[in-house]
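Colleague: I'd like to go over a predicted model; first the sequence, then the structure.
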Amino acid sequence: MFGADVACWDIKPEFQEDVVADIKGLGKKATASGVDVTSDESVKTAMEQVIKDFGKVNIMVTVAGSAGNRQPAETFDIDEWQKVMNINVRGTMLCAKYAGRRVHQTGRRRQAHHHRLGAWLHGPSGGYAAYGTSKGAVHLLTKQLATEWAKYRINCNAIAPSIFWTPLTQQIKNDPDMVKIFMARIPMGRAAELDDFIGAAVYCPRRRPTT
Ligand SMILES: NC(=O)c1ccc[n+]([C@@H]2O[C@H](COP(=O)([O-])OP(=O)(O)OC[C@H]3O[C@@H](n4cnc5c(N)ncnc54)[C@H](O)[C@@H]3O)[C@@H](O)[C@H]2O)c1
């Protein structure tokens, strides 16, 4: 884990149990909390708890996301569309906002937003009017935060893998035509694996010491 203590958040904290056990197994501190990233109150309270438990925040990684149900744009259920936007965009903003306040008071400063870029900025076919739009928004939000928070020396990046197999991409994995479309865009011709993320996730630009 490159030395980090980790507070894991998920709307289903039981999803974090294995991760927390792995981190503790490496001798680091880890906690799991039930947090709804779409709720201002939930994120605010969770961040206060992190400060109580860990004393500071150096790094925030926003990962919670939903693909929702793929639907044709002309008949897209707008409540479903809003649900995806709430989790992916509002959720990222709330986590960034409450972490940003804390991160700029501490040492190493970094935010990473996990989103899918390559495919989405091209507007892929297949019913992605909600997911694609939300990831475009996270992309711009990351740039916005990087610009606004440069004065606090907070480094904001987005990790934008093409595809890796998780519950979120199960629908694609089950559809050979969709798998073909996605693989055709990936020069290595395969889905991402865990090791592919490590370099991007721990990215640490060298800086001159501040004077
Ligand atoms: N799987 C891929 O191919 C892929 C590619 C690029 C980007 N991404 C992005 O990476 C992130 C993680 O994707 P994944 O594939 O691991 O998905 P996943 O479905 O396995 O995990 C998403 C997690 O978000 C949690 N979540 C959903 N709504 C929440 C809420 N309101 N509050 C808190 N937690 C909530 C879920 O419980 C789940 O544990 C997402 O933002 C996704 O868009 C995924």
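Modeller: Ah, there it is. Numbers count the residues shown, from 1 in each chain.
Colleague: For this structure, which segments count as strands?
Modeller: 6-10, 30-34, 59-62, 110-114, 155-159 (DSSP state E).
Colleague: ok, the first one near the ligand or not?
Modeller: Yes: legend: contact between strand 6-10 and the ligand by C-beta under 6 Å from any ligand atom is shown at D10. For glycine as for every other residue, the C-beta is placed from the backbone atoms N, C-alpha and C.
Colleague: The residue of the chain at minimum distance from the ligand - nearest residue in space that isn't next to it in sequence?
Modeller: At 2.3 Å from the ligand, G65 is the closest residue in the chain, using C-beta to the nearest ligand atom. Residue nearest to G65 in three dimensions, not counting chain neighbours: N88, with 5.2 Å by C-beta to C-beta, 6 or more residues apart in numbering.
Colleague: go on, P72?
Modeller: That would be G127: by C-beta to C-beta, 6+ apart, it lies 5.9 Å from P72.
Colleague: check contacts around that neighbour.
Modeller: Contact analysis of G127 by C-beta atoms under 8 Å, 6 or more residues apart in numbering lists 69-73, 76.
Colleague: I figured the residue of the chain closest to the ligand hits P167, correct?
Modeller: No: using C-beta atoms under 8 Å, G65 is not in contact with P167; the gap is 10.9 Å.
Colleague: Please name the residues that touch the residue nearest to G65.
Modeller: Neighbour list for N88: 65-66, 115, 131, 134-135, 137-138 [criterion: C-beta under 8 Å, 6+ apart].
Colleague: Using a markdown table, please lay out those together with neighbour count and pLDDT.
Modeller: Shown next, in a markdown table, are those (neighbours: other C-beta atoms under 10 Å; pLDDT from 0 to 100):
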| residue | neighbour count | pLDDT |
| --- | --- | --- |
| G65 | 23 | 94 |
| S66 | 18 | 94 |
| H115 | 25 | 61 |
| Y131 | 26 | 93 |
| S134 | 28 | 95 |
| K135 | 26 | 92 |
| A137 | 17 | 94 |
| V138 | 24 | 94 |
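Colleague: Just the closest of the residues you listed to M178, please.
Modeller: Y131 (13.1 Å; C-beta to C-beta).
Colleague: Leaving out chain neighbours, which residue sits closest to the closest one?
Modeller: Y131 sits nearest to A67 (C-beta to C-beta, 6+ apart), 4.8 Å away.
Colleague: For that neighbour, give me the backbone phi and psi.
Modeller: phi -90, psi -10 (degrees, to the nearest 10).
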